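Engineer: show me how the following folds:
(chains A, B and C)
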Amino acid sequence: MAHYDSAMALSDSDVRHVARLARLGLHEDEVAPLRAELETILQHVSAIAELDLAGVPVTSHPLELVNVLADDIPIACATRDDALANAPDRAGDGFRVPPIGA
Amino acid sequence: MSWEAVIGLEIHVQLRTETKMFCRCPNRYGDPPNTNVCAVCLAHPGMLPVANRVAVDQALRVGLALGCRIPARSKWDRKNYFYPDSPKAYQISQYDEPLCAEGSFTGVRITRAHLEEDAAKTIHIGGGDGRIAGSGASIVDFNRCGTPLLEIVTEPDLRGGAEARRFLTLLRATIVATGASDCDLEKGSLRVDANVSVRRSGDEELGVKCELKNMNSFRFIERGIAAEIRRQAALLEAGEPVLQATLHYDPASDSLSVLRTKEEADDYRYFAEPDLVPVEPSPAHLEALAAALPELPLVRMDRLRAAHGLPDATAESLALTPGLADYFEELAALAGDARAAANWVMGEFSAHLNASGSDPHASTVTPARLAGLIALVAEGAVSSTGAKQVFAAMIDDPADAAALTERLGLGQVGDTDALGAIVDEVLAASPAEVAAYRGGKVQLIGFFTGQVMKASGGRADPKAVQSLLRERLGG
Amino acid sequence: MAALSTIGLTAEGAAMLLDARAVSCVELAEAYLRRIDAVDGDLHAFLRTHPEETLARARALDEGGRSGIEGVPIGLKDLFSTRGIETTAGSRILEGFRPIIDADVVEACADAGLISLGKLNMDEFAMGSSTEHSAYGPTRNPWNQALVPGGSSGGSAAAVAAGLAPWSLGTDTGGSIRQPAAFCGIVGLKPTYGAVSRYGVVAFASSLDQVGPFALNVRDVALLLSIIARNDPRDSTNVGLPAPVELPEAEDLKGLRLAVPRDQLDAGVDAGVAALFEATVERCRALGAEVSETTLPHAGHGLAAYYLIAPSEASANLARYDGARYGLRVDAPDVHAMYSETRRAGFGAEVKRRIMIGTYALSAGYFDAYYGQAQRVRTLIRRDFAKAFEQYDALLLPTAPSVAFPFGAKLYDPLAMYANDVFTLPVNLAGLPGLSIPCGLADGLPVGFQIIGPAFSENRLLAIGHALERAIEFDPVPPRILEGRG
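Structural biologist: Residues are numbered from 1 along each chain as shown, chains lettered A, B, ... in the order given. This next block holds a predicted model:
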């Protein structure tokens, strides 16, 4: 089976960009090895990129359910202590996080 | 050179429901931080969204009111981005199959209206002026997180700040009329972003657009858009490019500041939300929702114009305040004179409501009482000036208009003999003015009229006075 | 009394002991806790136990009276939220996280009077086929401690095989119940998508994940399915089962039309596995089934489609682990750096790989070629199965192409690891039920036989599995355990 070469060519900057999108904190020395791993995987999965599937509908879900809707009736919330119990940095009534930055 | 502005709006409306969009925590404004939260809206592991039936219906009501096409099927998508106000790091929204598709409202094309969930509230602390950059930390309150939100997107069909303001005013009145939202800008249940670009008049191609965010009143939206149009036109005039940016309008200084520039396109990696299933509103359900909608402001405006012959501006402003319009219609029916009814409602009655802060139907001046006063004026039993005094008295006195007119001694002096005597007195007291009038200063008729009105205690009929004056002065 | 042995004890058997008052709930729970203490240091099936809660529940049942299945212990994969009890999904990023709710399946077990023994080891976020990707160290295979137990629900399978729990729950996204059941010589069922609530189950790939039972025999699997398959309004994709679960009694396969999708075996099957598979197919014939051959022309693309769809969904599902509200946080001067450093420190290599693949596949410019195309392949695979089920009641395949493999054998070769799921993941893509039963030993190691049916055909699969199990007479107790080694 031929491969979808154009799609699997992955550059180091692609790897950095994707890691940034996913907030994975990649160090510079990890970029090249990860790129090689991802390329191998992409090379394999790219086989389907070249199939001619025009006219085939997508399946995003195995069940063909529609209109699963809940009645608008409140259910007891968590207590604030429960809500904040796992907070790595609780600040009074809220969750504290570092500043959003420039 | 002449420039043309092209404006499209993105309007976020918090929907009125008991519970949130995807969990059953209360949808309530103003509660203590992190009290209306659960494992779902805190995005704990393994938590799943379940869509709110009433939120869907509220969104459909708005869509129907805006003339949107409601597609047979809509679906949910994940919009991925990391931010402290987004606990799942994706927002559940609708990307390519919105609940409400293309519509049209006051001649402005609606691109779409789709459901999504509101973000949490972050409070920035410890860093100087409270603006985001450089602050010490953020505290996150998830009460608002997951509030049902309808995003309405317009085509770039607006051409100026005032036009945008009028569109928004009518849009808000319409949404409020559907009951889907209270559209309170101060509480943030209505939020508006404007995309503004400027091009040479007559050009087809659009200019580079900038986004104005977070303007918290319609007046500021109007002024912000106007300021942005001026800014872009000045740049183009000077031959400089407009750079795509998100801007903040500061109404105090009437100036714009850049929040961020668009260096690279956002990549939200939208994909179908696998935890939810599509929504397919049945035709019967849509019919029932449409049938249950109240008369909407635009429809009412047309009817007020057609049925009562009101001028556009009066019809529009009445239609925007349904309580007042109801009062007007009741009054017009009782008084049998829509024009007089409109004048009273828009004038004295509105001023009284503003001063007392009361609802039209809570006012002591009921349509029946005001209709009585209108009848007295029509009969000539009280002058229009006197009627205003009677109206003022009616507010605190339950007596009817005729009794109050009598009690205040405002019964109009209509008989020619009594009026003739007053006219004669006035003319006798002002020989110099009489001479001047006869010498050609005919505008002094106003002076004499005023003197007579004064002498009569405002009870004279000004038309009768003038005709007597002309007679005596031989004009 | 003589110390109760939990080895080879089924859930139904344990309930009989309780009914006969041969043991109390507390004694039964203590026996399992003792067994865990004795052997789990080596095996590492459990990430944690909570003996006080376990014994308190048992005591309450002893005091309040019990009947039926009440009082039987169970082990839970650490992917299930347990209120107040640490739930990590095998990840550092959730270390110390105590859920504020119970997963629906956890509630269902408690409602049925089952007593949780603790949380079972797994590949981090259920991504893996060996449990080597657990942040807390791998689980060993009770048949041979140099081998992996399979994964991702390796702890769930190993615990049952080694007598640490009479039954357990796991999840299956691409084979994570069936493959470890096969590797550990026990029975595992992946129910139809939507049969069991996913509420409170830490998500890996939402359109593929499904909770299911592990047990020593098909009847126990049926019994546990009847407890967990219920309608839960908190999961929009959950419908429960259309008919009650029937405890299987079938002794033969008369009147059933079965088929082997022969083209699938081209993917390569180890000789020992292939031989046992063919022998079991013959046994189906001997039991009265009509067995034919068929094809699933697009299932060959399943591996590629799966390794795009699952990582894509996972990339979004795992984005919530950001250090803000729970779990690990690595401090940093601004929030985006905090996210990046927390996720860098908190996720293991395989999880990062999959997040990278998924993020890439969803990103602008690649969506159609990857994710969109994978979803179309998914449609074709569903159609393949639907067409086959017009003619056949069930399809037969090996559960995995090999028996359990040694630690490290595939750890550094993701594609080889992924290929282990080749016979299981098309079933997830189509949302179908699949049952794995042990069909014998190849080189002394258990081999799994997979029965795949149309959506909501669980009762049929359980009946087929039961009849085959009676005929095969597989002994699920590893010899080394019988010999007292572990």
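
Engineer: relative to chain B, which residue of the stretch 251-400 of chain C is the closest?
Structural biologist: Chain B sits closest to residue C:319 of the stretch 251-400 of chain C, with a gap of 3.3 Å, by CB to the nearest CB. Placement of C-beta: from N, CA and C, glycine included.

Engineer: now the stretch 351-486 of chain C against chain A: closest residue?
Structural biologist: Taking CB to the nearest CB, the stretch 351-486 of chain C has residue C:431 as its residue nearest chain A, at 2.5 Å.

Engineer: so that residue makes contact with residue C:455?
Structural biologist: Yes - when contacts are counted by CB atoms under 8 Å, residue C:431 is listed as touching residue C:455 (6.3 Å).

Engineer: how many neighbours does the closest residue to residue C:287 other than its chain neighbours have?
Structural biologist: Counting by CB to CB, 6 or more residues apart in numbering or on different chains, the nearest residue to residue C:287 once its immediate chain neighbours are dropped is residue C:253, at 4.1 Å. When neighbours are defined as other CB atoms under 10 Å in any protein chain shown, residue C:253 has 24 of them.

Engineer: one more: the one 10 residues further on?
Structural biologist: In terms of burial, residue C:263 registers 14 neighbours under the definition other CB under 10 Å.

Engineer: these two touch, right, it and residue C:297?
Structural biologist: Yes - using CB under 8 Å, residue C:263 is in contact with residue C:297, at 7.0 Å.

Engineer: quick check: neighbours shared by those two?
Structural biologist: Counting by CB atoms under 8 Å, 6 or more residues apart in numbering or on different chains, residue C:263 and residue C:297 have no common neighbour.

Engineer: packing partners for the helix or strand containing residue C:107?
Structural biologist: Element membership for residue C:107, per DSSP states H and E: helix C:104-111. Here helix C:104-111 touches strand C:73-77, strand C:115-120, helix C:218-228, going by 3 or more CB pairs under 8 Å, 6 or more residues apart in numbering or on different chains; DSSP states H and E.

Engineer: now the residue of the stretch 251-400 of chain C closest to chain B, what's its secondary structure?
Structural biologist: The three-state assignment at residue C:319 reads helix, by DSSP: H, G, I helix; E, B strand; the rest coil.

Engineer: mind checking pLDDT for residue C:69?
Structural biologist: Here the pLDDT value assigned to residue C:69 is 98.

Engineer: in contact with it, which residues?
Structural biologist: By CB under 8 Å, 6+ apart, residue C:69 lies in contact with C:11, C:15, C:112-114, C:223, C:227.

Engineer: roughly how far does the residue of the stretch 351-486 of chain C closest to chain A sit from residue C:246?
Structural biologist: As judged by CB to CB, to the nearest Å, residue C:431 and residue C:246 stand 22 Å apart.

Engineer: with adjacent residues omitted, what lies nearest to the residue nearest the centre of chain A?
Structural biologist: With distances taken as CA atoms, centre = their mean, the residue of chain A nearest its centroid is residue A:22 (6.4 Å). Of all residues not flanking residue A:22 in the chain, residue C:359 sits nearest, at 4.4 Å (CB to CB, 6+ apart).

Engineer: can you check residue B:122 too?
Structural biologist: residue B:138 (4.5 Å).

Engineer: show me what contacts the closest residue to chain A within the stretch 351-475 of chain B?
Structural biologist: Per CB to the nearest CB, residue B:359 is where the stretch 351-475 of chain B lies closest to chain A, at 28.1 Å. Residue B:359 makes contact with B:323, B:353, according to CB under 8 Å, 6+ apart.

Engineer: state the pLDDT value of it.
Structural biologist: We note a pLDDT of 90 for residue B:359 in this prediction.

Engineer: ok, now how distant is it from residue B:327?
Structural biologist: Computed as CB to CB, the residue B:359 to residue B:327 distance reads 9 Å.

Engineer: same deal with residue A:60?
Structural biologist: On the measure of CB to CB, residue A:60 and residue B:327 end up 53 Å apart.

Engineer: those two: who's more crowded?
Structural biologist: residue B:327 (25 against 20).

Engineer: what are the ranges of the strands in chain A?
Structural biologist: Per DSSP state E, chain A carries strands over the ranges A:69-70, A:90-91, A:94-97.

Engineer: from these, which stretch is densest packed?
Structural biologist: The highest average neighbour count among the strands of chain A, using mean count of other CB atoms under 10 Å in any protein chain shown, belongs to strand A:94-97 at a mean of 24.

Engineer: which bits of chain B sit near chain C?
Structural biologist: Within reach of chain C by CB under 8 Å from any CB of the partner chain, chain B has these residues: B:39, B:42-51, B:78, B:80, B:82, B:84, B:87-90, B:138, B:140, B:265, B:267, B:269-271, B:274-277.

Engineer: so who does residue C:135 touch?
Structural biologist: By CB under 8 Å, 6+ apart, residue C:135 lies in contact with C:88, C:90-92, C:95, C:124, C:348.

Engineer: before we move on, what SS does it have?
Structural biologist: Classification of residue C:135 using three-state DSSP returns coil.

Engineer: taking chain A, what residue is nearest to chain C?
Structural biologist: Counting by CB to the nearest CB, chain A gets nearest chain C through residue A:62, at 2.5 Å.

Engineer: burial count for that residue?
Structural biologist: When neighbours are defined as other CB under 10 Å, residue A:62 has 22 of them.

Engineer: one step back: now for the strand or helix carrying the residue nearest to residue A:22, which elements pack on it?
Structural biologist: Taking DSSP H and E as the definition, one finds residue C:359 inside helix C:349-362. For helix C:349-362, the elements it packs on are helix A:12-21, helix A:28-45, helix C:302-317, judged by 3+ CB pairs under 8 Å, 6+ apart.

Engineer: and if we set it to 6 Å?
Structural biologist: helix A:12-21, helix C:302-317 (3 or more CB pairs under 6 Å, 6 or more residues apart in numbering or on different chains; DSSP states H and E).

Engineer: chain B against chain A: which residues are in contact?
Structural biologist: When proximity is defined by CB under 6 Å from any CB of the partner chain, chain B lies next to chain A at B:17-19, B:24-26, B:33-38, B:50-54, B:82, B:84, B:132-133, B:135, B:137-141, B:272, B:277-280.

Engineer: just the buried members of those?
Structural biologist: B:17-19, B:24-26, B:33-38, B:50-54, B:82, B:84, B:135, B:137-141, B:272, B:277-279 (16 or more other CB atoms under 10 Å in any protein chain shown).

Engineer: same drill for residue C:431 and residue C:246, tell me which one is more crowded.
Structural biologist: Neighbour totals were compared for residue C:431 and residue C:246, and residue C:431 leads with 23 against 14 (other CB under 10 Å).

Engineer: next, the contact list for that one, please.
Structural biologist: A:62, C:193 (CB atoms under 6 Å, 6 or more residues apart in numbering or on different chains).

Engineer: and it, what pLDDT?
Structural biologist: With respect to pLDDT, residue C:431 scores 98.

Engineer: ok, residue B:263 next?
Structural biologist: Value for residue B:263, per-residue pLDDT: 65.

Engineer: same check on residue B:459?
Structural biologist: Residue B:459 is assigned 76 on the pLDDT scale.

Engineer: and the next element down the chain from the helix or strand harbouring the residue nearest to residue B:122?
Structural biologist: Taking DSSP H and E as the definition, one finds residue B:138 inside strand B:137-141. Counting by DSSP H and E, the element after strand B:137-141 in chain order, helix or strand, is strand B:148-154.
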